[in-house]
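Novice: Provide a 3D model corresponding to the input given below.
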Amino acid sequence: MATLASDTAPVRAGEELDWESLEAYLRERLPEKLDGDLDRDARIEVTQFPGGHSNLTYCVRLGEREFVMRRPPFGPVAPTAHDMPREYRLLAAINPHFHLAPKPYLLCEDAGVIGAPFYLMERRRGVVVRQAIPPEIGEDLDLRRRISESMVDTLADLHAVDIQSTGLVNIGKPAGFVRRQVEGWAGRWERSKTTELKEMNETAAWLIERLPPDSGAPTLVHNDYKLDNVMLDPRDPAKVVAILDWEMCTVGDPLIDLGLLLCYWPQADDPEVFAGSLRSVTMAPGWMKRAEIVERYAARSGRDLSDIGYYYTFATFKLAVVIQQIYYRYHVGQTQDARFAEFDKRVEALAKWAHAMMQKKF
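Specialist: The predicted model follows:
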C-alpha cells in the first residue's frame, strides 16, 4: 500500500476490500466523470481515514489523483441506514449551492464490486479536530475561539441556503420533521437496547409529549454537524474548507442541527458522569461555551432559541441511541472491533445526562 498521507492510516484489519475488483471498476467508469484520464501505469493505493464508528471512509489514490471513497460498515445494517446512493445524490444536489459540500464523482450501486454500494468524491485537504488539539491550533486560545465562531457561522450559513429557489426542498419532507426524528430514534432505541434504562424510556416519552410545532422556515439540516465533521484550512484553521458526512442531510427544523452541535460540545464544568462519556477538545481553555454558541447563532440567524434546551436534550438522547446501535452490533457478534466493548457504559452516562436535562433551562 501507499506512503500514508498525514490524515490517513493503514486500512484497519478486517476492513480490507477487494482492491483488484475496485481498481478494475474505477479504471472503467471513473475517466468519463473526470476532466482528465487516469494514469494507466499507476497501481491503486488505498489508506483509511481513522475517524468514525460506522461508515468506512478510504483514501483512494491512482497516480496523481486522490479520491475519498465511502461505503457502509460490514455486517447487517438497518434498511435505511448507511445509504451511500442517497448520500451521493445529496452531495450532487447540494454542492452547486453550498461549496463546503464536497463534489461527488462516481456512484457504484453494484454490491458485487466490493461487497456493498459505494461512491467516490473529491479529496479535500485540511485539519480535522478529533481527540487531540492538532499542532496547527496548539495553545493559541484566540484561534480556538475563532474556530468556535466559524463553526457557528458556518452552520448559520448552511441554514441560510434558499431551499425553495434551489429545489433542495425536495430532498426531504419538512412537515412533521421533528416528530419523525423523535419517534424514529425512540423506535431505534427499542430495537437495539440490550438492557432496560428507565432514563431512556422517560426521556423518550417527555420528548414526544413536548414536541415543538413545525418550523415556519425549514432549512437544510446536516443532521450530524459537529467539530470532527468539519475540515479546517491548515494555513488558517479559523476557515472551514469542507463539511463531511452528509449521509443524513435533509430539510426541516434547523435547531436539530444546533442541538446536536451543543451535545457534541462538552465543556470543562460539565458533570463527570456526562463528560466522561463524551470527551472533547472543547473542554480545554479557549473554546466557546455552549451558551455563547447559542447567543452567536441567535444573532447570526435571527431565530428564536427559547426552546433550545428541548433540542439539546433530544440530541443527547439520539447520541445515546447511536452509541447503543454500535454496541448492539458488538454485543451480538456482528463486529469484533474492540473499541466498542464498553460502549454500553457510555450509553448509560448519556441517558442519565439527557434525563437530567429535561427539566432544566439551557
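
Novice: okay, now the unreliable bits of this protein?
Specialist: For the chain, applying pLDDT under 70 flags the ranges 1-6, 36, 51-54, 75-82, 273-277, 362.

Novice: centre of the chain to stretch 223-238, how far?
Specialist: Here stretch 223-238 is found 11 Å from its chain centre; the criterion is Cα atoms, centre = their mean, to the nearest Å.

Novice: buried residues, that stretch. List them.
Specialist: Residues of stretch 223-238 classed as buried by neighbour count (16 or more other Cβ atoms under 10 Å): 223-234, 237-238. All C-beta atoms are positioned from the backbone trio N, CA, C, and that covers glycine.

Novice: for Arg61, which non-adjacent residue is closest in space?
Specialist: Glu45 (4.2 Å; Cβ to Cβ, 6 or more residues apart in numbering).

Novice: whichever strand or helix holds that neighbour packs against which elements?
Specialist: In this assignment (DSSP states H and E), Glu45 forms part of strand 44-48. Where contact means 3 or more Cβ pairs under 8 Å, 6 or more residues apart in numbering; DSSP states H and E, strand 44-48 is packed against helix 19-29, strand 56-62.

Novice: if you set the cut-off to 10 Å instead, what comes out?
Specialist: Under the contact criterion of 3 or more Cβ pairs under 10 Å, 6 or more residues apart in numbering; DSSP states H and E, strand 44-48 touches helix 19-29, strand 56-62, strand 65-71.

Novice: which residues are in contact with the longest one?
Specialist: It refers to helix 19-29. With Cβ atoms under 10 Å, 6 or more residues apart in numbering as the contact definition, helix 19-29 has outside contacts at 1, 11, 18, 33, 37-40, 42-46, 58, 60, 62, 65, 67, 69, 71, 105-108, 110, 112-115, 118, 120.

Novice: hang on, the earlier thing: so the strand holding Glu45 versus strand 65-71, what angle?
Specialist: 50 degrees (axes from the mean of the first three to the mean of the last three Cα atoms, to 10 degrees).

Novice: what residues does strand 44-48 touch?
Specialist: Contacts of strand 44-48 with the rest of the structure, by Cβ under 10 Å, 6+ apart, involve 1-5, 7-12, 15-17, 19-20, 22-24, 26-27, 38, 56-63, 66, 69.

Novice: buried subset of the residues you listed?
Specialist: Buried subset of those (neighbour count, 16+ other Cβ under 10 Å): 7-8, 11, 17, 19, 22-23, 26, 38, 56-62, 66, 69.

Novice: now the angle from the strand holding Glu45 to helix 19-29?
Specialist: For strand 44-48 against helix 19-29, the angle by the same axes, to 10 degrees is 120 degrees.

Novice: what angle do strand 44-48 and strand 56-62 make?
Specialist: Going by the same axes, to 10 degrees, strand 44-48 is angled at 150 degrees with respect to strand 56-62.

Novice: quick one, what contacts the residue nearest the centre of the chain?
Specialist: Against the mean C-alpha coordinate of the chain, by Cα atoms, centre = their mean, the closest residue is Asp224 at 3.8 Å. By Cβ under 10 Å, 6+ apart, the contact list for Asp224 reads 243-249, 257, 260-261, 264, 322.

Novice: how about Tyr328?
Specialist: By Cβ under 10 Å, 6+ apart, Tyr328 lies in contact with 188, 191-194, 334-335, 340, 343-344, 347.

Novice: equivalent analysis for Gly286, please.
Specialist: Residues near Gly286 by Cβ under 10 Å, 6+ apart: 133, 137, 139-148.
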